[in-house]
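*Asks:* Sequence plus the predicted model coming up.
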Amino acid sequence: MLRRRKRAEEESEINMTPMLDIVFIMLIFFIVTSSFVKEAGIDVNRPGAVTAERKERGNILIAISESGRIWIDKRDVDVRAVRANIERLRAENPQGAVVIQADKNSKNGLLVQVMDAARLAGVNNVSLAAEVIE
């Protein structure tokens, strides 16, 4: 009688391995297929342009605020450290272009300095972000 009870308990166990395999496969699937939104760190009031085009590639975003602060990767960066930050991000994403989101009331000289730092970091594809005017 005791043997029958032990066999019944052993046979009634549920094997969880296939369920865990499916859960891990689904987790990997969702991680691989998810898209991550990159932001520079602040919202910028961009100027409008009729010829503006939407770029969907993974880019290095740089924001210049109205007060002259530079934001890269959600961090406030000094103008002298822009080149080093672009080189670091360029090493992570060699195909990415630099997109500068300058506020329409920001200083033109600061924009030129950031563009120059991007070119010195080895990026030839530098774009300025603008609102699309239809």
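*Replies:* Yep, it's here.
*Asks:* what is the rounded mean pLDDT of the top helix by length along the chain?
*Replies:* For the chain, the longest helix by residue count, based on DSSP state H, is helix 17-33. Averaging pLDDT along helix 17-33 gives 88.
*Asks:* Stretch 88-102 now?
*Replies:* Mean predicted lDDT for stretch 88-102 stands at 84.
*Asks:* May I see the buried residues of that stretch?
*Replies:* 89-90, 96-102 (16 or more other Cβ atoms under 10 Å). For every residue, glycine as well, the C-beta is placed using N, CA and C.
*Asks:* what residues does the longest helix of the chain touch?
*Replies:* Residues outside helix 17-33 that contact it (Cβ atoms under 8 Å, 6 or more residues apart in numbering): none are found.
*Asks:* Begin at 66 from now on, thanks
*Replies:* From this message on, residue numbering opens at 66, which makes the last subject helix 82-98.
*Asks:* How far does it sit from its chain's centre?
*Replies:* Distance of helix 82-98 from its chain centroid, counting by Cα atoms, centre = their mean, to the nearest Å, is 24 Å.
*Asks:* Kindly provide the distance from the nearest residue to A186 once chain neighbours are set aside to V188.
*Replies:* Leaving out its chain neighbours, the residue that sits closest to A186 by Cβ to Cβ, 6 or more residues apart in numbering is I151, at 4.0 Å. The gap separating I151 from V188 is 6 Å, by Cβ to Cβ, to the nearest Å.
*Asks:* between these two, who's got more neighbours?
*Replies:* I151 (25 against 20; other Cβ atoms under 10 Å).
*Asks:* Surely the more buried one touches R184?
*Replies:* No: applying Cβ atoms under 8 Å as the test, I151 and R184 come out as separate, 9.6 Å apart.
*Asks:* All good on my end, thank you.
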